[in-house]
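S.K.: Give the three-dimensional model of this entry:
(2 chains)
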Amino acid sequence: GQQVQQSPTSLVLQEGENAELQCNFSTSLNSMQWFYQRPGGSLVSVFYNPSGTKQSGRLTSTTVIKERRSSLHISSSQITDSGTYLCAMDNTNTGKLTFGDGTVLTVKP
Amino acid sequence: GALVYQYPRRTICKSGTSMRMECQAVGFQATSVAWYRQSPQKTFELIALSTVNSAIKYEQNFTQEKFPISHPNLSFSSMTVLNAYLEDRGLYLCGARDQGGGYEQYFGPGTRLTVL
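M.R.: Next comes the predicted model:
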């Protein structure tokens, strides 16, 4: 089965609303990284978060290792937040990132 | 800051020909370099992971004969897609980090391969 499951697959919000993106892992979590994929395809690292909560501006990431989940919260969404968000499980032994299928976020004015 | 460059950004090749792509790390030592492919309608697949002073490890369904990789120093890596066919089209991303697993990985903008 798929090791990394992201939800929702897509999300449509009005500008100003909050977004909650989830990642669940089927194997023991070593560490994890959240990415934003630009329309052209390039990946921008949003958070590297092995455990606990990290915040950067309107973005907050929370990883709970023993529950094998991580979340990305976007508060007061803006149109420019639109795009694809991917989480990736990092196997610290092998150095391999396993990606989820992504969440396509659309923020409307 | 840590940056990863990839070249070319886009390329088109005829079916059966080969294409080489490059990855350059700036601002940090790329001890570990991973090559991924994002095919249409798919998520990212790891092709291979290269760590300096270690053998390159290829994932299932990817081989050195098809995707030879060079990682000669701590700032540069290249990969060639040999004998490319339609199923090889997609976005090839290079991810590098200054250690192995457990450290943040930085990605280049990708090389988008179209096969005619």
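S.K.: Which positions in chain B make contact with chain A?
M.R.: Contact residues (C-beta under 8 Å from any C-beta of the partner chain) of chain B with chain A: B:32, B:34, B:36, B:38, B:43-44, B:46, B:49, B:51, B:57, B:91, B:93, B:95, B:97, B:100-110, B:112. For glycine as for every other residue, the C-beta is placed from the backbone atoms N, C-alpha and C.
S.K.: longest strand in chain A, by residue count?
M.R.: Assignment by DSSP state E gives strand A:83-91 as the longest strand of chain A.
S.K.: Where does pLDDT dip in chain B?
M.R.: Low-confidence segments of chain B (pLDDT under 70): B:99-102.
S.K.: element containing the spatially most central residue of it, please.
M.R.: What sits nearest the mean C-alpha location of chain B, by C-alpha atoms, centre = their mean, is residue B:35, with 3.1 Å. Per DSSP states H and E: residue B:35 is located in strand B:32-38.
S.K.: Strands of chain A, start to end?
M.R.: Using DSSP E, the strands of chain A run over residues A:4-7, A:10-14, A:19-25, A:31-37, A:43-48, A:52-56, A:59-64, A:69-74, A:83-91, A:96-99, A:103-108.
S.K.: and the second one with strand A:83-91, angle?
M.R.: This points to strand A:10-14. 130 degrees (axes from the mean of the first three to the mean of the last three C-alpha atoms, to 10 degrees).
S.K.: swap in the third one?
M.R.: Orientation check (the same axes, to 10 degrees): strand A:19-25 against strand A:83-91 gives 30 degrees.
S.K.: quick one: contacts of strand A:19-25?
M.R.: Applying C-beta atoms under 8 Å, 6 or more residues apart in numbering or on different chains, the contact partners of strand A:19-25 are A:3-8, A:11, A:13, A:32, A:68-74, A:77, A:81, A:85, A:87, A:89, A:100, A:103, A:105.
S.K.: quick one, which of the strands of chain A is nearest to residue B:19?
M.R.: Each of the strands of chain A has some distance to residue B:19 by C-beta to C-beta; the shortest is strand A:43-48, at 21.1 Å.
S.K.: Please consider this matter closed, and thank you.
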